[in-house]
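Chemist: Test case, fold it:
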Amino acid sequence: MLDISRSIQIPFSEVELTYARSSGPGGQNVNKVNTKAVLRWNLISSPSLNEEVRARLLERLGSQLTRGGDLLISSDRFRDQARNREDCFDKLVKMLKAAIQVPKVRRATRATFSSQKRRVSEKKSHADKKKLRGRVDRD
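Modeler: This next block holds a predicted model:
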């Protein structure tokens, strides 16, 4: 089980892990060993999520989902399979924890009277300073 929070736990049976040959440096090891881990999890059909969290995840991760609603996470940071697999799970947990948090509603506020006065006076002093930099008439 992947423990995301008290209310959200994802069983490993929902997650599909595959391995592929990793790219990049590593010598002959890259050509022989499947160290890259690819995690596939169907976000749309997962019974582990409530609708509110699912909607937030779909909004945030819409561009990273396949047409079937699968979230693909890959990792080839490390040179062994086990660490790349753990890295995939860590990435999934971080994504889900970020989506669980309800965003704060922004309340519109007004600038205080004194801050408005201060802004206008600073603008005027700046404009006066700029005026002094103009051409000088010799009349």
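
Chemist: how close does the residue positioned nearest the centre of the chain sit to Leu132?
Modeler: Compute the mean C-alpha point of the chain, and by Cα atoms, centre = their mean the closest residue is Met95, 6.8 Å away. According to Cβ to Cβ, to the nearest Å, Met95 and Leu132 sit 56 Å apart. The way it works is simple: take the backbone N, C-alpha and C, and place the C-beta from them, glycine included.

Chemist: got it, and Leu2?
Modeler: 66 Å.

Chemist: Comparing those two, which residue is more hemmed in?
Modeler: Leu2 (16 against 7; other Cβ atoms under 10 Å).

Chemist: okay, the closest residue in space to the more buried one that isn't next to it in sequence: pLDDT?
Modeler: The shortest distance from Leu2 to any non-neighbouring residue, by Cβ to Cβ, 6 or more residues apart in numbering, is to Ile10 (4.3 Å). For Ile10, the pLDDT comes out at 76.

Chemist: quick one: the strands in this protein?
Modeler: For the chain, applying DSSP state E gives strands covering 2-3, 9-10, 15-20, 36-42, 70-75.

Chemist: how about TSV for these, with distance to Arg83 added?
Modeler: Output for those, formatted as TSV (distance: least, Cβ to Cβ, whole Å):
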stretch	distance to Arg83
strand 2-3	17
strand 9-10	20
strand 15-20	12
strand 36-42	9
strand 70-75	8
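
Chemist: Single out the most deeply packed of those strands.
Modeler: Most buried of the strands of the chain, by mean neighbour count (mean count of other Cβ atoms under 10 Å): strand 36-42, with a mean of 20.

Chemist: what mean pLDDT would you report for it?
Modeler: 84.
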